[in-house]
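K.L.:
Need coordinates for the below:
(one chain, ligands or ions: 1)
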Amino acid sequence: MNMVSRNTMTTDEFRAAILRHLKYELGKDASHASVEDWRMALSFAVRDQIVDSWFAATRKTYEAGAKRVYYLSMEFLIGRLLEDGIVNLRLVDQARDALAALGQDFDTVLEDEPDAALGNGGLGRLAACFLESLSTLGCPAYGYGIRYEHGLFRQSFVDGRQMEAPETWLLKRHAWEFERPESRYRIGFGGEVSTKGGKVVWTPADSVDAEAYDTPVIGWQGRWANTLRLWSARASDTPFDLDSFNRGDFAGAAEPEALARTISRVLYPDDTTDQGKELRLKQEYFLTGAALQDIMRRFDSEHDDLGKLPSKVAIQMNDTHPAIAGPELVRILHDERGLPFDEAMNMAQACLSYTNHTLLPEALESWHEGLFGKLLPRHLQIVDRIDDAHAKAHPSRTVSARSDNHVKMGELSFIMAHKVNGVSALHTDLMKTTVFSEFHRLHPDRIINQTNGVTPRRWLLSCNPRLSGLITDTIGETWADHLEELKGLEPHVSDPAWLEKYAAAKRANKVDLANWMSSTADINVDPDMMFDVQIKRLHEYKRQHLNILEAIALWQEIKANPSADWTPRLKIFAGKAAPGYFFAKDIIRLINDVAKVLNADVETRDMLQVAFLPNYNVTLAERLIPAADLSEQISTAGKEASGTGNMKFALNGALTVGTLDGANVEIREHVGAENFFLFGMTADKVEARRAIKDHAAQAIAADPRLAAALKAIHDGVFSPDEPARYHNITENLSGPDYFLVSSDFTDYYRAQREVDTAFKDQQHWMTMAALNTARSGWFSSDRTITDYMAQIWDAKSLRDS
Ligand SMILES: [N-]=[N+]=N[C@]1([C@H](N)O)O[C@H](CO)[C@@H](O)[C@H](O)[C@H]1O
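P.N.:
Now for the predicted structure:
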């Protein structure tokens, strides 16, 4: 059996460590300690071991003069870190037993930790999974991001409407960051560009300081740890204006610090939408400028030959948000280090690579030259020279980084990157045939695919201990960082006794979720219902409104045929809408209004219920995914670049009902078409259908169920006190319906009835579920990062050296 080394710390040693930290770090004795005190004491005890690995990894990297990967991202959706540390250090039993010996409940202590919600959705969570895999693989790396005081807003519902409140993770103590006052950089904005002594000099008008906060990121078995360095904004000069204070202008006195801190105050809550706000551009340059100064300082401290830079530094731009890294690195190499412009440009390009995460036009960042030039006058000049150099090298080109008085960040990133990747096979193909088709013609080898992945430590081992226990009992433990070994489960799937255990794990997870829902959200559900789950950001292309439309049609069918052999189903929704995205917020309200009617309907509620759980975040996902039977991945084909929730569900034995979009395509290839409920138009069919003027009306005319469901919404069945409340939705779905909800409805309804039939045969269903788990090993972020290391970064693991 493939065993993994144990953590040698004993429960007694661990208990002593917790007590030592409680006394000397928190100044508390056990009898007066709060749950937060115990959480902090436990965290410090875990952190001790993480810091040991961290120091060892840092030392090894320096001694080897190794190449480092720098992952620049405006988002790192970390979630909680305590359990992640305990699981990666293999200290679960010791922690649980040590706390029990101290009269404390492990789960209660874990529950006390706030989520670090420093991201919007998939892009941010991917960055966090990538850092954990970089550490697990022992690849020297830094994540660079912003230490937002307020992460993604807290969501609640009032009369079914989304309400937003500031997120306040920093109001609670946490043990995972080390302030680094010595790592502080000045970031300039605005001002003048002049030439002095033949050299171009940029003299910023304003500046803020970026101060570093380091969080160690531990890998599997604690064999390596890398650094997540988050920047916090500080006033460059005097943070406090004493003169104003003495004049009694107290607000004025605090203004310098308050203004500076604005830059790292809050995360912009938009997922796949370009905000285009000045503060956002300032945030992007703040992150990138600080990161590049830090990267160059570290390089200079180890190397005195600038020519070595590309062989020691690999910089990944997580979408276009840090795309200013191109002009900034050229500015440093040309203006400050004196390299000729073309040489500086080529060297920068050799260091830089760019990941595109979406094709949605509204998400592709572009800045008006007025704003860009005002904030970054020298960078605008450099962008123009970069664009001119590219035009000179490619006279036939029809694209540029500068057009319609804007700086196009996608085009700039493409020109400044030596490799550009998409995040699923379909998405990468669509990049080559749509938004980047001309660039692909000019640079046929630059676009490559790196299908996303998820870390199996958080998304299986930690969040689903029952299933993980069964897997380990069956194939040993090395699957945790060799996820392809899950294939070893296949021979056991046909063993009824084994399958029984598999089913029991799923059922017990569902019971846990049902208990949690009744205790926290006062929703009482039967764990034998099918748990049908759609959890992701609210967006029309993700089609949560198609899902609720199907629920309404099913409800109407059940009411028409109450005695039919229906499959009891609970539809669970969770997800936030960007505060300014009103159509998405109306979809949330509609789902809550439908839930109110359906859950109160005594004739049908045993057959169909709907629940929208508030404040979706990483921790709620960890609670929902292990308990799911059905995973809703129903986006309009060609719109979801990859998806990563889809991978987490398949890994945890939820069957997918989905379109051939993003990574759904590859999930279906890996798990087998017979273990996937496919529906809907393919990406090429979508374009053709959308070209038909009245495509929605045709679909509605052809499907009475669809017509009846839309009519119920339109007539105010779910909003009797305001019948016209959802006319904007019904008019959209029977009119423009850009995301083809109506045109895909009939096939979706058909697929859902197939799901109902399949779920009745639990033996068959669980067989399909177990095969999903067994065949999802490829979707580990360890595989993804291994490929990035080989095909983009040319970086090596130092873990076992
Ligand atoms: N921005 N962005 N893009 C996304 C997600 N919304 O964060 O990136 C994710 C990570 O690559 C993708 O899985 C997802 O399809 C895509 O829409």
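K.L.:
Identify the residue nearest residue 260 in space, chain neighbours excluded?
P.N.:
With CB to CB, 6 or more residues apart in numbering as the measure, residue 235 is the residue that lies nearest to residue 260, at 4.0 Å, once sequence neighbours are left out. For the C-beta atoms, the positions are set from N, CA and C on the backbone; glycine is no exception.
K.L.:
That neighbour and residue 77, how far apart?
P.N.:
Applying CB to CB, to the nearest Å, the value for residue 235 to residue 77 is 29 Å.
K.L.:
same check, this time on residue 508
P.N.:
Counting by CB to CB - residue 508 and residue 77 are separated by 28 Å.
K.L.:
which one of those two has more residues nearby?
P.N.:
Neighbour tally, residue 508 and residue 77, criterion other CB atoms under 10 Å: the higher count belongs to residue 77, 26 against 15.
K.L.:
And whatever helix or strand that one lives in, how far out from the chain middle?
P.N.:
Assigned by DSSP states H and E, residue 77 falls within strand 76-79. On the basis of CA atoms, centre = their mean, to the nearest Å, strand 76-79 sits 7 Å off its chain's mean C-alpha point.
K.L.:
swap in stretch 267-274?
P.N.:
The answer for stretch 267-274 is 12 Å, by CA atoms, centre = their mean.
K.L.:
Please work out the average pLDDT along that stretch.
P.N.:
Mean per-residue pLDDT for stretch 267-274: 84.
K.L.:
start to end distance for it?
P.N.:
From its first residue to its last, stretch 267-274 covers 13 Å (CA to CA, to the nearest Å).
K.L.:
what's next to that stretch, contact-wise?
P.N.:
Here stretch 267-274 makes contact (CB atoms under 8 Å, 6 or more residues apart in numbering) with 74-75, 117-123, 146, 148, 150-153, 164, 275, 277, 280, 283, 357-358, 360, 362-366, 537, 539, 576, 578-581.
K.L.:
quick one on the thing from earlier: quick one: list the elements packing against the strand holding residue 77.
P.N.:
Counting contacts by 3 or more CB pairs under 8 Å, 6 or more residues apart in numbering; DSSP states H and E, strand 76-79 packs against strand 116-118, helix 122-136, strand 225-235, helix 618-624.
K.L.:
Could you pull out the buried residues of the helix of greatest length in the chain?
P.N.:
The helix that spans the most residues within the chain, counting by DSSP state H, is helix 35-64. By 16 or more other CB atoms under 10 Å, the buried positions in helix 35-64 come out as 37-47, 49-50, 53-54, 57, 60-61.
K.L.:
helix or strand right after the strand holding residue 77?
P.N.:
According to DSSP H and E, the helix or strand after strand 76-79 is helix 82-88.
K.L.:
rewinding a little: the helices and strands packed on strand 76-79: which one's closest to residue 456?
P.N.:
With CB to CB as the measure, helix 122-136 is the member of these nearest residue 456 (9.3 Å).
K.L.:
on that earlier part again, show residues contacting the strand holding residue 77.
P.N.:
Strand 76-79 is contacted from outside by 115-121, 124-125, 127-128, 131, 143, 145, 215, 228, 230, 458, 617-619, 622, using CB under 8 Å, 6+ apart.
K.L.:
residues in the chain within reach of the ligand, list them.
P.N.:
Contacts of the chain with the ligand, taken as CB under 6 Å from any ligand atom, map to 121-123, 126, 271-272, 319, 357-358, 423, 452, 640-644, 662.
K.L.:
Distance of residue 42 relative to the ligand?
P.N.:
To the ligand, residue 42 is 32 Å away according to CB to the nearest ligand atom, to the nearest Å.
K.L.:
Leaving out sequence neighbours, find the closest residue to that residue.
P.N.:
Setting aside the residues directly before and after it, residue 42 is nearest to residue 18 in space (CB to CB, 6+ apart), at 5.5 Å.
K.L.:
same check, this time on residue 252
P.N.:
residue 244 (3.6 Å).
K.L.:
Neighbours of the one you found, how many?
P.N.:
A count of nearby residues for residue 244, using other CB under 10 Å, gives 16.
K.L.:
So the closest residue to residue 725 other than its chain neighbours, which state does it fall into?
P.N.:
Using CB to CB, 6+ apart and skipping residues adjacent in sequence, the residue nearest residue 725 is residue 719, 3.9 Å away. Taken by DSSP: H, G, I helix; E, B strand; the rest coil, the conformation at residue 719 corresponds to coil.
K.L.:
In contact with residue 719, which residues?
P.N.:
The neighbours of residue 719, taking CB under 8 Å, 6+ apart as the test, are 593, 725-726.
K.L.:
ok, of these, which one's closest to residue 748?
P.N.:
For the contacts of residue 719, the nearest to residue 748 is residue 726 (19.5 Å; CB to CB).
K.L.:
Would you check that the closest one makes contact with residue 714?
P.N.:
Yes: in this structure, residue 726 is within contact of residue 714 by CB atoms under 8 Å, at 7.2 Å.
K.L.:
Comparing these two, which residue is more hemmed in?
P.N.:
Per other CB under 10 Å, whichever of residue 726 and residue 714 has more neighbours is residue 726, with 26 against 18.
K.L.:
OK, contacts around the residue nearest to that one when sequence neighbours are not counted?
P.N.:
On the basis of CB to CB, 6+ apart, the spatially nearest residue to residue 726 that is not a chain neighbour turns out to be residue 713, at 5.0 Å. By CB under 8 Å, 6+ apart, the contact set of residue 713 is 549, 552, 590, 726, 729-730.
K.L.:
Return the distance of residue 713 relative to the ligand.
P.N.:
Using CB to the nearest ligand atom, one gets 27 Å for the distance from residue 713 to the ligand.
K.L.:
That residue: helix or strand, and which one exactly?
P.N.:
Assignment of secondary structure by DSSP H and E places residue 713 within helix 704-714.
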